[in-house]
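**Student:** Could you work out the structure for the sequence below:
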Amino acid sequence: MTASAEAATTPPTNLTDKQGVAIEGEVRNIVGSTLFLTKNGLEVVTCELDQLSDESRERVLAWSLPYVLNNQRFFRFSSTTDGGSGPPIGRMAYQCTASNQSPMDLPADLQIAYNIHMLFFRPRPVEGTDAKEYQYAFEHDFPASAGYAPAKVIPSGQSYSFDTTPIIQHSSRPGSNDQDMSFEEILSKTIIPDPDDPASTMRPLRKYVLEVRIYYKDQELFRYVNLPEAEAMIKDGWRKPSASRGSRSSSPSSPAGTQTTEMDPYESPFETPSEVETSAGPSVPLPPIPYESIVIIDVDDGTGTGFLMEMKGKQFLLTNIHVIAGASSVTCKTVDGKVIQLPEQFFIAKDRDLALIPINFDGKYLETLDNLTDEVAIGDDVTVFGNEAGASVVTQLTGKVKGIGPNRIEVDAKFVEGNSGSPAIHHKTGNVIGIAAYYIEYELPKADRRNDNRGSSRRPSEEADEPSSDRVRRRFAERVDNPTQWEHTSFRQMRDERDLYNEYLETLNGVVEIAVGINQNHRVLQASEGNRRVSHLLDDFHAVFRNNKRESGSLGNQRALDDLRRRLFTLVEAARDRANDRITIQYYRDELERMEAFEGKVRDYMEGVYTR
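**Tutor:** Next comes the predicted model:
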């Protein structure tokens, strides 16, 4: 590849088209095969990938593909076997499916290569008995089958399936190839052979494992093994197929057994939580609300909601700060599938979890009240529209206004994760009065608890979704009618400050893991067990004190532990000071303040561990 691994982590610059003309703007996103760039932080320009010069296109793909293929929300791979064994001839092949849930079209010059590994298990005598058990013997030197998937663009939102080359097995021995038995079953199977009972005879077993690797310009970007427990057995067995055996880049057509199918737009890994209590129906019907004003927001590792709103004659996308904070990639789509391009710069409120992003988009916009307290009362009906549970489907949750404060309102509409950024719409006026932000949960005083058994009768999944009768969950929405203090920021600044905050957080969490290990297991974690921020200190500790099983009261042990504690908190203080010096956004300043209070508790806990 012409782009280095380091360069691929940041958006490419100095792009040119096929005529060598420079393309102005900073790369922001790829939707389908269209590249979106921003000029001067606000103006959005586009360019098709096939209009770029070969060198520029390669750099753009080198930047985007590793992120897409290593993000399980954007890219998933699965496989099924289409046959088993049986005399006199067995046929065994896999059907593989690559699901592209990212906003970009995956190009045809990705190489999807596969190996089918053949593993052998042989019966071995159990020492001191007449029984025999299976033991892993070896992997065949060459894959039982290897090749490439045919070349094909995998459009955004679609899946691509292909069949591996079948393995023809010329074996009639019963039990010689058992794909249904797990490794655990094979390795735990013990038989005492009976010469008069052919069924008791243990013959060698073969088991097949599928391994798939995806390359771009010979750089490996993705790896899949259908049986993870076989990792150790196949670790040195990969053989990259030769191009002559059917490279994707040389065959544009789909073979028999290859199909491209639309993905189910309602498929989601989340379940909607069960509701223990239901609110009474609304006394005032909800005015018609344009669903096109609701926006589903996908970011690196999560999903949320936003909505289109007009304020003081200008058009904005509103969401929570925490939905987009530090995101490397933000994709916004209305419920009718239209993509909204975001500028680099936007505004965030200083005193609440509210982001205001100026946009230029031809859509249907909601409105807010000039002063919520003039027209909204406790007990009024309210509906929260949004991406409930991150399912990428807009739902509506109806409830009532339970409380009104200077910065937020409380509602009993049972919104959950994924609803962050959803508009709370007042039935009487049809206007937005809040943006769903968070809930709190706490235990009721014993005198106020209900004397019933409902909590104990629920399934564990229900208990996780809604609190028992001994606990209360309260939900809050930030007011959108009266924020007056705003900060001007950018996605890049949010990412930079997030990285500083995360460095501090990860370092502190590393100290917690070490303290818990000492307290619960009476040992110091190995470097491989600690997180990356503290692993070098654990390496140093174990280098000084190799024998970790000596008595904790020994002088050498105590010195090593004291030195480790001192160095750990020196590391924490350095990370905290860097964050305090460089973080300016109020959102992260507030997070830092909470984290510093947590640091004090961590220090107290560590001191307690050391004095036990």
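
**Student:** Let me know the helix or strand that S79 is in.
**Tutor:** Using DSSP states H and E, S79 sits in strand 75-81.

**Student:** quick one: strands adjacent to the helix or strand that contains P123?
**Tutor:** Counting by DSSP H and E, the element that carries P123 is strand 111-125. If you go by DSSP bridges, strand 111-125 pairs up with strand 132-139 (antiparallel), strand 145-148 (antiparallel), strand 205-216 (antiparallel).

**Student:** What mean pLDDT does that strand get?
**Tutor:** Averaging pLDDT along strand 111-125 gives 83.

**Student:** could you dump that strand to CSV, C-alpha only?
**Tutor:** Taking C-alpha atoms only, strand 111-125 is exported to CSV below (Å, rounded to 0.1, in the frame of the first residue of the first chain):
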residue,chain,number,x,y,z
GLN,A,111,-10.1,-9.8,-1.6
ILE,A,112,-12.1,-12.3,0.5
ALA,A,113,-10.0,-15.4,0.9
TYR,A,114,-10.8,-18.6,2.7
ASN,A,115,-9.2,-21.8,4.0
ILE,A,116,-10.9,-24.9,5.3
HIS,A,117,-8.6,-26.6,7.8
MET,A,118,-8.7,-30.3,8.3
LEU,A,119,-8.0,-31.3,11.9
PHE,A,120,-7.3,-34.9,13.0
PHE,A,121,-8.2,-36.5,16.4
ARG,A,122,-6.8,-39.9,17.2
PRO,A,123,-7.7,-42.4,20.0
ARG,A,124,-5.1,-42.8,22.7
PRO,A,125,-5.0,-45.2,25.6
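
**Student:** Just want the angle from it to strand 75-81.
**Tutor:** Counting by axes from the mean of the first three to the mean of the last three Cα atoms, to 10 degrees, strand 111-125 lies at 50 degrees to strand 75-81.

**Student:** Give the next helix or strand downstream of the lowest-mean-pLDDT helix or strand in the chain.
**Tutor:** Counting by mean pLDDT, DSSP states H and E, the weakest-scoring helix or strand in the chain turns out to be strand 259-262, with a mean of 32. The helix or strand immediately downstream of strand 259-262 is strand 294-299, counting by DSSP H and E.

**Student:** quick check, distance from that next one to the centre of its chain.
**Tutor:** 15 Å (Cα atoms, centre = their mean, to the nearest Å).

**Student:** tell me the mean pLDDT over that strand?
**Tutor:** Across strand 294-299, pLDDT averages out at 91.

**Student:** got it, and stretch 36-52?
**Tutor:** 80.

**Student:** For it, list the C-alpha coordinates in PDB.
**Tutor:** This file holds the C-alpha atoms of stretch 36-52, laid out as PDB (Å, rounded to 0.1, in the frame of the first residue of the first chain):
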ATOM      1  CA  PHE A  36     -18.200  14.000   1.500                       C
ATOM      2  CA  LEU A  37     -15.700  16.800   2.400                       C
ATOM      3  CA  THR A  38     -16.100  20.100   4.300                       C
ATOM      4  CA  LYS A  39     -14.600  23.500   3.300                       C
ATOM      5  CA  ASN A  40     -13.900  26.100   5.900                       C
ATOM      6  CA  GLY A  41     -15.600  24.000   8.500                       C
ATOM      7  CA  LEU A  42     -19.200  24.500   7.100                       C
ATOM      8  CA  GLU A  43     -19.500  24.100   3.300                       C
ATOM      9  CA  VAL A  44     -20.100  20.500   2.200                       C
ATOM     10  CA  VAL A  45     -18.700  19.300  -1.100                       C
ATOM     11  CA  THR A  46     -18.900  15.800  -2.700                       C
ATOM     12  CA  CYS A  47     -16.900  13.700  -5.000                       C
ATOM     13  CA  GLU A  48     -17.500  10.200  -6.300                       C
ATOM     14  CA  LEU A  49     -14.700   7.700  -5.400                       C
ATOM     15  CA  ASP A  50     -14.300   6.600  -9.100                       C
ATOM     16  CA  GLN A  51     -13.500  10.200 -10.000                       C
ATOM     17  CA  LEU A  52     -10.400  10.200  -7.800                       C
END
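
**Student:** Identify each buried residue in that stretch, please.
**Tutor:** Using 16 or more other Cβ atoms under 10 Å as the test for burial, stretch 36-52 gives F36, L37, T38, V44, C47, L49, Q51, L52. C-beta here means a position set from N, CA and C on the backbone, and glycine is covered the same way.

**Student:** Return the closest of those residues with respect to E417.
**Tutor:** Set against E417, the nearest of the buried residues of stretch 36-52 by Cβ to Cβ is F36 (28.1 Å).

**Student:** Find the helix or strand that that closest one is a member of.
**Tutor:** With DSSP H and E as the test, F36 turns up in strand 34-39.

**Student:** Identify the residues contacting that strand?
**Tutor:** Applying Cβ atoms under 8 Å, 6 or more residues apart in numbering, the contact partners of strand 34-39 are 23-30, 44-49, 52, 60, 341, 343-344.

**Student:** Tell me the gap between it and the middle of its chain.
**Tutor:** On Cα atoms, centre = their mean, the centre of strand 34-39 falls 25 Å from that of its chain.

**Student:** what does stretch 571-581 give?
**Tutor:** That offset, for stretch 571-581, works out to 28 Å (Cα atoms, centre = their mean).

**Student:** Report the buried residues of it.
**Tutor:** So, applying 16+ other Cβ under 10 Å, buried residues of stretch 571-581: L571, V572, A575, R576, A579.

**Student:** contacting residues around the residue minimising distance to the centre of the chain?
**Tutor:** Nearest to the mean C-alpha position of the chain, counting by Cα atoms, centre = their mean, stands D301 at 3.8 Å. By Cβ under 8 Å, 6+ apart, D301 lies in contact with N71, R73.

**Student:** who's E211 bridged to?
**Tutor:** Assigned bridge partners for E211, using DSSP bridges, are N115, V225.

**Student:** now C47
**Tutor:** L35.

**Student:** from what I can see it touches V21, true?
**Tutor:** No. Counting by Cβ atoms under 8 Å, C47 sits too far from V21 to count as a contact (10.8 Å).

**Student:** got any residues that touch both of these two?
**Tutor:** Joint contacts of C47 and V21 (Cβ under 8 Å, 6+ apart) do not exist.

**Student:** so for the longest helix seen in the chain, what's the average pLDDT?
**Tutor:** In the chain, ranked by residue count with DSSP state H as the criterion, the top helix is helix 491-521. For helix 491-521, mean pLDDT is 88.

**Student:** Please report the distance of G326 from I583.
**Tutor:** Distance of G326 to I583, given as Cβ to Cβ, to the nearest Å: 12 Å.

**Student:** okay, and the common contacts of those two?
**Tutor:** Common neighbours of G326 and I583 are listed as E497 (criterion: Cβ under 8 Å, 6+ apart).

**Student:** hang on, the earlier thing: counting only strands, which of the contacts of strand 34-39 make the cut?
**Tutor:** E26, V27, R28, N29, I30, V44, V45, T46, C47, E48 (DSSP state E).
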